[in-house]
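In: after the sequence you'll find the predicted model.
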Amino acid sequence: MPTPATPQVGSTGVERVAVTDQAAEMIRRLVETHGPVMFHQSGGCCDGSSPMCYPDGEFKTGAADVLLGELDVGLERQVPVWMSAAQFEYWKHTHLTIDVVKGRGAGFSLEAPEGVRFLIRSRLFSDEEAAQLG
């Protein structure tokens with residue numbers, strides 16, 4: 001069966017997702033241990049709205065998910081960041097930055113055993129960015 005086309009947003013040159021230097025370092029460490037990784041921005045109840053990091057392909061994405069962008073963390077392969085299409089409708093006016101802080105996060109995300117957790121820092125797009133996004 002053919003794979004459906006991957007919906008991707010952000011082809012206007014305005015990035016929808018970014019990563020802090022500290023989070024990029026953690027991602028590189030996780031890739032060294034687990035191989036390529038991916039994020040899915042959760043909106044669930046158990047993990048709040050944490051960005052969940054998985055081995056790439058372990059979290060199955062489909063037509064109900066949107067590819068927000070790919071993070072350049074200084075590796076050969078960029079890191080895809082996904083969000084459910086329904087949640088994207090609420091957050092489409094928001095720029096997201098993946099950061100990392102000390103503390104216990106969700107048990108399903110790869111960084112949990114490291115004593116840190118990924119979190120989202122957000123801001124609304126500027127009027128100029130919003131205009132570019134359409």
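Out: Noted; the coordinates are in hand. Numbering: from 1, shown residues only.

In: so M38 touches M52, yeah?
Out: No: M38 sits out of contact with M52 when judged by C-beta atoms under 8 Å, with a separation of 9.2 Å. Any C-beta I mention is one placed from the backbone N, CA and C, and that applies to glycine too.

In: now do the shared contacts for those two.
Out: Residues within reach of M38 and of M52 at once, by C-beta atoms under 8 Å, 6 or more residues apart in numbering, are F59.

In: and E111, how many neighbours?
Out: When neighbours are counted by other C-beta atoms under 10 Å, E111 registers 22.

In: from what I can see it touches R117, true?
Out: Yes: E111 lies in contact with R117 (C-beta under 8 Å); the separation is 6.3 Å.

In: just the helices from this protein, written as ranges.
Out: Along the chain, counting by DSSP state H, helices occupy 21-34, 85-91, 127-133.

In: looking at these, which is buried most?
Out: Of the helices of the chain, the one with the most neighbours on average (mean count of other C-beta atoms under 10 Å) is helix 21-34, at a mean of 16.

In: for it, C-alpha coordinates in PDB please.
Out: Extracted in PDB, the C-alpha atoms of helix 21-34 (Å, rounded to 0.1, in the frame of the first residue of the first chain):
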ATOM      1  CA  ASP A  21      21.500  24.800  22.000                       C
ATOM      2  CA  GLN A  22      21.000  22.800  25.200                       C
ATOM      3  CA  ALA A  23      18.200  20.700  23.700                       C
ATOM      4  CA  ALA A  24      20.300  20.200  20.500                       C
ATOM      5  CA  GLU A  25      23.100  18.800  22.700                       C
ATOM      6  CA  MET A  26      20.700  16.400  24.500                       C
ATOM      7  CA  ILE A  27      19.300  15.300  21.100                       C
ATOM      8  CA  ARG A  28      22.800  14.500  19.800                       C
ATOM      9  CA  ARG A  29      23.400  12.400  22.900                       C
ATOM     10  CA  LEU A  30      20.100  10.600  22.400                       C
ATOM     11  CA  VAL A  31      21.000   9.900  18.800                       C
ATOM     12  CA  GLU A  32      24.300   8.500  19.800                       C
ATOM     13  CA  THR A  33      22.600   6.000  22.000                       C
ATOM     14  CA  HIS A  34      19.300   5.300  20.200                       C
END
